[in-house]
Each structure stands twice: as C-alpha cells, then as structure tokens.
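In: Need a 3D model of the following:
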Amino acid sequence: MEAGKGSADLEQEVLGQSLCTSCGACVNICPYIKVVRDRVAVIEPCGLTEGKCYDFCPRTPTDIAALDKSVFGKTRSDFSLGPYISIEMAQAKDSEIRCRAQYGGVISALMKYALDAGEIKNAVLTRPFDGAMMPASVVVEESRQLEECAGSNYVSSATLARMNEATRQGKNSIGLVGIPCQVMALRKMQASRHDTGAKGVKLVIGLFCTWALSYKGFSEFLKKKVDLSQVRRIDIPPPPANVMVVETTAGDIRLSLDEVRKFIKPTCSVCYDMTSEFADVSVGMVEGVEDWNTFIVRTPAGENFIDKAKKAGVINTKPLEETRLEHLKQASSIKKKRAVDAIQKRTNDKKNLLYLRLSAQEKKKFL
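Out: Numbering: from 1, shown residues only. Predicted coordinates:
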C-alpha cells in the first residue's frame, strides 16, 4: 500500500477514471462506500489518509512479484499464465451437473465436493441474473443451494462485498469463486497489514475472463431485443462464432459480439490477467472442445484439494494437448500486451503503468 492513500485517492484515481472493476473489495468495510448493482461510489469522505479501500483495490498500485511471493512463495517464471503446478482438461463426472452448468461443470462439482466433504463451511458464489439481468453474489452453506449458481455471468457483481459481509458476521472456512480482478483484490486483502476477514478464505477458484459488461448499458440494449424476465441463460461460443447466444423461454436470440462489445467496462481494457493467476485453481473453457474445462492448479493448497477431489471421483481429467496449451499462453499474452498498450495510451508515459508494478523481466516481455 502506498502511504497516505485513502477513499479520496480511490475516488480520484479509480472511480473517477472509470477503472473500477465492481469487485466489491472496498464495500462493507466502510460505511462511506456503497454499491448499487455494479456501480461503486464514495458517498462521503471518511477523512482517513490511509484506508483499506485503497489498499485492497485491484486498480491501485499492485506489485505483481510481491503478490506472487505472498501467494506462491516465489516469483513467476511463466509470464504468460503466471505460476502453476499443472494444467489439464477436466469435466464433472456427474452428468446432471454438466447439464445444468456451462461447459464441463467443474466449478459446480468442486464446490459441491468442498461443502459436502467439509473442506469449506461456506461458499461465496454468484447467482446468475434475475429478471433485470443483474447477477447477485450469495453465500451458500449447503451443496443443494449450488444449482441456482450454475452458469456464466457477463455482468460483474460485487462478490467481495458479500464476502466482507459474511466474514463480518463471523463466517470462516470460505470457498470463493471469482473473476481475475476479484481474485487479485482478495489476495491483496490477505497480504495486507490491515485486519481483514479475507484470511478466512481457504479455497479460491478463479474463472477465465476477457471482459465484463456494464450493467446499465447492456441491460437497456437487451431490453430492446427481449423481455428480460424471459432470459434463462447467456453464452458466448468460442471463435469464430463471434456471437452471444441469449436463451429465452421463447427461443434463442443471437447477437453479434460487435454490438455487445460497446458495453464492455472501460477498466477491462487495462486488465492484465485473463486466467485468474492468483487463484488456487483456475478454470475456463477449452476452445473447440465441448463439455470440458481447462483446469490450472496453481498452489499447493489447490493441488491438495484437487487430489482429494480426484480420489473421490468428482472430476475426470486428461492431458491438455500441447497445441491447446500454446494457444492459451498466446491468448493470455495478447491480453497482457493489449492491457499494457491501453495503459500507455491513457498515461502517455511508458514508465507509468497505472496500477501495474512489473518486474524488469516482465516489462521486457510486454512493453
């Protein structure tokens, strides 16, 4: 954390610059910061010159190498995907889970196992959109509640605000599923010198993410196409489809991604992380392979948990072909390079990378 930084600085450097990711890390730790749908605001200055809100934010200065050491005990050697122990393809063995979830159903299967086996007591998850297209973050205590959380969301919700509320209520031994900016913020919370309930999070599953949509613009756009109460599921098939498929009670609607991309949150253009590099386990789709997930085990804690899940027969795994691995590394590297380019366009200064603090080696690769 930079000395002398508080909510006024957060408002000036992040909220006022359209860099907020809506992760929720700053919400429910301070009475002066609120979130409505996906909009975070400082409603009144708190007067503190140093605050948790600034310290935890994924868009305030973040030393990637220092965070690597905090999470993994070492710095990264793979600058494309970040630290990892193994990368495979995986799918839920339970066919019913795969039917309800998108792609391989790995996250639903793992969270069900974690709750049923007592690996965690609570799970902070995101329930897909209500009739107004806004997803909601929820705390799940029993695996039977997981079904309502299956499926992808393309509008981000303040997941960490819900986690902050849960830890304030005394909940611990938590499992959390989040997108890269949420995972980064969580790890900053855990590494902080400030007291935080985030240390009660025992399992972090990260999602692959290339961008999220702003709620207001996207919902108003979609409202012109369909009755929002009829929407049941949204999916973006892998390239070269270039469409968003909106499944409704009246049938499917296919939208060109060119129409949808104009609602991408501005902060996504400066996002450096596609694969949730600070998670215990990262999960995404396998391009061109239906019903399977790409599955990255990153930490010893994640490896230990996954070994137990495999022995319990929760997931099937198989090797990820070298060509697919190289394609994943290339896609992640492209996102990093685009983020750095977008940052430099904002700052007009190669030395000013906004929130990113990169090692000399990493700068050499992506600058």
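In: Does the nearest residue in space to residue 179 that is not next to it in sequence belong to a helix, a strand or coil?
Out: Spatially, and ignoring its direct neighbours in sequence, residue 179 is nearest to residue 209 (4.3 Å; Cβ to Cβ, 6 or more residues apart in numbering). Using the backbone N, CA and C atoms, a C-beta is placed for each residue, glycine as well. Of the three states, residue 209 takes coil under DSSP: H, G, I helix; E, B strand; the rest coil.
In: check contacts around residue 209.
Out: The neighbours of residue 209, taking Cβ atoms under 8 Å, 6 or more residues apart in numbering as the test, are 179, 180, 271, 274, 276.
In: again, only this time at 7 Å
Out: By Cβ atoms under 7 Å, 6 or more residues apart in numbering, the residues touching residue 209 are 179, 180, 274.
In: Tally up the residues packed near residue 169, please.
Out: 10 (other Cβ atoms under 10 Å).
In: can you give me phi and psi for it?
Out: The phi/psi pair for residue 169 (degrees, to the nearest 10) reads phi -80, psi 0.
In: so residue 135 touches residue 153, yeah?
Out: Yes - at 4.2 Å, residue 135 counts as touching residue 153 under the criterion of Cβ atoms under 7 Å.
In: Those two: who's more crowded?
Out: Set side by side, residue 135 and residue 153 show more neighbours around residue 135, with 24 against 20, by other Cβ under 10 Å.
In: Kindly state the pLDDT recorded for the more buried one?
Out: pLDDT recorded at residue 135 is 94.
In: Same check on residue 3?
Out: Note on residue 3: pLDDT of 57.
In: picking up where we left off before, nearest to residue 318 among the contacts of residue 209?
Out: residue 274 (22.6 Å; Cβ to Cβ).
In: and that closest one, how many neighbours does it have?
Out: 24.
In: Just say helix, strand or coil for the closest residue in space to residue 41 that isn't next to it in sequence.
Out: Distance criterion Cβ to Cβ, 6+ apart; nearest residue to residue 41, sequence neighbours excluded, is residue 34 at 6.0 Å. Put simply, residue 34 is strand when judged by three-state DSSP.
In: Could you check how far residue 34 is from residue 299?
Out: Distance of residue 34 to residue 299, computed by Cβ to Cβ, to the nearest Å: 33 Å.
In: So for these two, which sits in the more crowded spot?
Out: Each of residue 34 and residue 299 has its neighbours counted (other Cβ under 10 Å); residue 299 has more, 20 against 17.
In: Please tell me I have it right and that one contacts residue 282.
Out: No - checked against Cβ under 7 Å, the pair residue 299 and residue 282 is beyond contact range at 10.5 Å.
In: Report pLDDT for residue 296.
Out: pLDDT, residue 296: 98.
In: Count residues in the vicinity of it, would you?
Out: Neighbour tally, residue 296, other Cβ under 10 Å: 28.
In: Got the domain ranges for this protein?
Out: Following automatic domain parsing, one gets these domains for the chain: 7-214+264-366, 215-262.
In: Let me know which of those is tucked in deepest.
Out: Of these, the one with the most neighbours on average (mean count of other Cβ atoms under 10 Å) is domain 7-214+264-366, at a mean of 19.
In: distance between the ends of that one?
Out: End-to-end distance for domain 7-214+264-366: 31 Å, by Cα to Cα, to the nearest Å.
In: Now do that domain: distance to the chain's middle.
Out: Domain 7-214+264-366 has its average C-alpha position 3 Å from the chain's average C-alpha position, going by Cα atoms, centre = their mean, to the nearest Å.
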